[in-house]
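In: A predicted structure for the sequence below; I have some questions about it.
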Amino acid sequence: MNEFIKEETMIRNPKEKYPLPIASHRKEDNKFYFVCENEVTLCVEILKDQMIRFRYSATGIFQNDFSYAIDEKFQPDHPEVEFKEKEDHFRFTTPRVICRINKQDLRVTLLDRSGTVICEDEKGFHWENDDTYGGEIVQMSKLLQSQENFYGLGDKAGKLSMRKSRFTLWGTDSYGYGADSDPLYKNIPFYYGIHKGIAYGIFFDNSFRSHFDFGKERANVTSFWADGGEMNYYFFYGPDLMSVAEQFVDLTGKPELPPLWALGYHQCKWSYYPESKVKEVTDEFRRRQIPCDAIYLDIDYMDGFRCFTWDKEKFPTPKKMIAELEEQGFKTVVMIDPGIKVDKNYWVCQDGVEKNMFCRRGDGPLLVAPVWPGDCYFPDYTKADVREWWATLYREMIAETGVHGVWNDMNEPAIFLADNFTQSEKTFYNDVRHDYDGNPCSHRKAHNIYGMQMSRATYEGLKLNAPQNRPFVITRSTYAGGQRYSSGWTGDNVASWEHLKIANRQCQRVAISGMSFIGSDVGGFIDQPSGELYLRWVQMAVFHPFFRTHSSGDHGEQEPWSFGDDIAELCRRAIEFRYRILPYIYTTFWQHSTKGTPMLRPLSFLNQTDKETLHRMEEFCLGDDLLVCPISQPQAEGRWMFLPKGDWYHFWTDKKMETNLEFWIETGLDEIPLFVRGGAVIPMYEVQQYVGEKENPQTFIHIYYLNGEKESQFYMDEGQGYGYESGDFSLRNYKVVGTENSLTIQQSIEGDFDLKTKDFTVVLHALPEKAKAAKVDGKSVKLKKAKEGRREFQQFNTGKDFGEIVLEW
Ligand code: MIG
């Protein structure tokens, strides 16, 4: 017993049941089983040096081992471990972690190899099987370590650090949610813990309604539990937060690369119609030269909200319209909801009923619930046949009409409350049946994965009907691992400064919870932002992987020009900057898709041993080398912020920053505080109005001085299609080495893709003195002076395939 626990905290709920002492143990394949006197069984599987799975059964009988979260490509390596029986415990030792299991009560303690306790059970596994409540609850409680902090859990809107808070995961349509609202749309039962500078992660892979308490109920206890299913969790040892993040994505799946256009700017509203209105908007973007890649059609394009149909009055010739928009450089993304209108004259409904594709109530009849179209049926996406069927429904829309991307909404699932619907929650009845891919269950188990499986079926629809293209899907609800199929947005937020901050936190949090391709409704969905708020939001979202303005449309307009010409001009500059850093963003996405590294990173991920970073929420990094701090107040002439220890330059002046302190930074309306890491190589493009507008966009290699060494990468490929899978990519690895009077940049190239440029413009930043001499592969080149805004620098052009640049002063 840990002496820090106060007696009273250990008082046990009489309904709770516990393991008795371990009676036997055995090893089968790579699994170790510990069986207690009352049949309670713990199964431990050492998947990797730093990754251990724990599974408990109260009866000794485990459920079929099936999870939607785990990527089929995940490869455990089952390392050799030392297993020992001690007097009062069993012990595993991997090269990185020690795991102790108490004989008396099955409690688990995880330590690092130096013996520091990382994570230790308090009561450990226990459960309630309560007939009066009507269900089984599986519970785990752990000791909260001294000064421990917690992060993760998907789209929660409150503080980044979750200590002293309590959360529920149960996908909910949370219109106009706030910082304290819970649950929200996404269900990602994965969190990080960090204490003594050591980080670990826990993924509670259980899709029932689950709950997490980080020292709120009892100050020294962290617990998680679920209203059913198994106590089944994965432990990841860091010690770096970043390593935990990468391991979680290793387990739950890396997304493929999106089409490059999906990383451009998107414009959306509920709803743009008819066709002439859509064109008015797209024309205005081109007229004003504000870059934009995608335009969205919300539910009103459909015929009476029937999915996979068109309202022929509003959109008489969708194929022609989409082709014309494409000519202009716009991709069209349309909404598809799960609710299928009950209407015997509607082909999707007929077909679905005939083929038995829809969810049924516990006693057999089809589930009927009202949403936009009135009464609807709902596909059971947890069945392979249904996903395949759903994928085929996209044929006309994708293969024939040419729609480029699909937006899945209302998939928590959300329904409207109607008089004849007796459940108080705005979702399916608990008794609704699901196939769960051969593991039949009720909605209690399938609720939290419904949106994920819908977006999966949609992803398959895009693959099926446009196999040459990389799919683009966006979803509102998802579960752990949903990043394999879809991007996401943070739902129905509000046009307020508070919500700009919430969006910032949510995007960071979702990104470290596995789904990097995330953004918010820029400007706010509900209510009308001021021009200033809209601008500040745009300026922040430039650095979010998914970048889209969306609004509910029941107030004024929300396009970049809706707030007057001055704001339009400032928005234009911000969006132009997005297009300039596209190669950097794409490289960051590539790193995410190959290594699982989150694209957005809270400050704690940069320097986790510095306590200050653990509580910062507004500053964040996009990729390795850009650090941003949005302006989140009106009429700000600057703001207070913090830079972690390191070499950082002010992006707009190239001035070296003092770090590891809080400071005031001035900022105009035309920029937000942005910093770049010393030694970084930032690949940039000239501005384009949309991805692919210029066949050979001028490409810049921005190099930032460092007295030391640093590596960077620049990844590029066709930006669409799958050539990159067979070598048609270009990866440039850079190594920058700086001394007091020189800087060298080495480049090594992998892949066969011929970058669509002959030359690079190499731009030198923050050299301590002007370079006098520059040599590229031994040949002298002439440096030119250049100026941009408040920055002055030297630059030169060189062939893109150089091996080494040497600068001296
Ligand atoms: O009940 O399709 O979050 O983005 O514009 C509202 C209409 C349904 C909610 C989504 C929002 C979308 C809206 N939808």
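Out: Received, thanks. Numbers count the residues shown, from 1 in each chain.
In: where does the one residue in the stretch 701-809 of the chain that gets nearest to the ligand land in three-state SS?
Out: With C-beta to the nearest ligand atom, the shortest gap between the stretch 701-809 of the chain and the ligand falls at Gln720, namely 26.0 Å. Every C-beta, even on glycine, is put in place using the N, C-alpha and C of the backbone. Put simply, Gln720 is coil when judged by DSSP: H, G, I helix; E, B strand; the rest coil.
In: correct me if wrong: it contacts Leu257.
Out: No: assessed by C-beta atoms under 8 Å, Gln720 is found out of contact with Leu257, at 9.4 Å.
In: quick one on the thing from earlier: need the nearest residue in space to the residue of the stretch 701-809 of the chain closest to the ligand, chain neighbours excluded.
Out: Pro259 (4.8 Å; C-beta to C-beta, 6 or more residues apart in numbering).
In: for Trp310, same thing?
Out: With C-beta to C-beta, 6+ apart as the criterion, Trp310 has its nearest non-adjacent residue at 5.2 Å, and that residue is Pro318.
In: how near is the closest residue to the ligand within the stretch 201-350 of the chain to Ser552?
Out: Using C-beta to the nearest ligand atom, the closest approach of the stretch 201-350 of the chain to the ligand is made by Trp270 at 3.6 Å. Note on Trp270: its distance to Ser552, by C-beta to C-beta, to the nearest Å, is 5 Å.
In: repeat for Arg287
Out: 26 Å.
In: and these two? Which one has more around it.
Out: Ser552 (21 against 9; other C-beta atoms under 10 Å).
In: what sits against the more buried one?
Out: Trp270, Asp492, Phe525, Ile526 (C-beta atoms under 8 Å, 6 or more residues apart in numbering).
In: wait, isn't Gln116 in contact with Tyr200?
Out: Quick fix: residue 116 reads Thr, not Gln. No: the criterion here is C-beta under 8 Å, and Thr116 misses it with Tyr200 at 11.1 Å.
In: for the two, indicate the residue with more neighbours.
Out: Between Thr116 and Tyr200, counted using other C-beta under 10 Å, Tyr200 has the larger neighbour count: 24 against 15.
In: sec struct for the most centrally placed residue in the chain, please.
Out: In the chain, the residue lying closest to the centroid (C-alpha atoms, centre = their mean) is Met515, at 2.1 Å. Judged by three-state DSSP, the three-state class of Met515 is coil.
In: repeat that for Pro583.
Out: Applying three-state DSSP: Pro583 is helix.
In: burial count for it?
Out: 22.
In: quickly note the distance from it to the ligand.
Out: Distance of Pro583 to the ligand, given as C-beta to the nearest ligand atom, to the nearest Å: 30 Å.
In: before we move on, what about Gln591?
Out: Taken as C-beta to the nearest ligand atom, the span from Gln591 to the ligand is 29 Å.
In: who touches the nearest residue to that residue once chain neighbours are set aside in this structure?
Out: Nearest residue to Gln591, sequence neighbours excluded (C-beta to C-beta, 6+ apart): Thr597, at 4.9 Å. Counting by C-beta under 8 Å, 6+ apart, Thr597 makes contact with Met242, Ala245, Glu246, Val249, Gln591.
In: for the closest residue to the ligand within the stretch 601-750 of the chain, what are phi and psi?
Out: Scanning the stretch 601-750 of the chain for the residue nearest the ligand gives Pro630, at 21.9 Å (criterion: C-beta to the nearest ligand atom). Dihedral pair for Pro630: phi -60, psi 160, per degrees, to the nearest 10.
In: which strand or helix spans the nearest residue to it once chain neighbours are set aside?
Out: Nearest residue to Pro630, sequence neighbours excluded (C-beta to C-beta, 6+ apart): Met540, at 3.8 Å. Element membership for Met540, per DSSP states H and E: helix 531-541.
In: helices and strands around the helix or strand following that helix, which ones?
Out: Following helix 531-541 in sequence order, the next helix or strand is strand 548-549 (DSSP H and E). Where contact means 3 or more C-beta pairs under 8 Å, 6 or more residues apart in numbering; DSSP states H and E, strand 548-549 is packed against strand 266-267, strand 521-522.
In: swap in 10 Å and give it another go.
Out: strand 266-267, strand 294-297, strand 521-522, helix 531-541 (3 or more C-beta pairs under 10 Å, 6 or more residues apart in numbering; DSSP states H and E).
In: remind me what the first one packs against, helices and strands.
Out: When you say that, I think you mean strand 266-267. By 3+ C-beta pairs under 10 Å, 6+ apart, strand 266-267 packs against helix 275-288, strand 294-297, strand 548-549.
In: dump these to a markdown table, plus distance to Ser487.
Out: A markdown table is the format used below for those (distance: least, C-beta to C-beta, whole Å):
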| stretch | distance to Ser487 |
| --- | --- |
| helix 275-288 | 21 |
| strand 294-297 | 12 |
| strand 548-549 | 10 |
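In: ok, now which ones touch Glu658?
Out: Leu643, Trp648 (C-beta atoms under 10 Å, 6 or more residues apart in numbering).
In: mind listing what the closest residue to the ligand within the stretch 451-600 of the chain touches?
Out: Nearest residue of the stretch 451-600 of the chain to the ligand, counting by C-beta to the nearest ligand atom: Asp492, 4.7 Å away. Neighbouring residues of Asp492 by C-beta under 10 Å, 6+ apart: 173-177, 185, 270, 409, 476, 521, 524-526, 550, 552.
In: next, it: secondary structure please.
Out: coil.
In: Leu743 too?
Out: Going by three-state DSSP: Leu743 is strand.
In: that one contacts Asn707, correct?
Out: Yes: counting by C-beta atoms under 10 Å, Leu743 touches Asn707, with 9.2 Å between them.
In: so for stretch 345-355, what's the average pLDDT?
Out: Regarding stretch 345-355, the rounded mean pLDDT is 98.
In: so for it, what gets flagged as buried?
Out: Tyr346, Val348, Cys349, Gly352 (16 or more other C-beta atoms under 10 Å).
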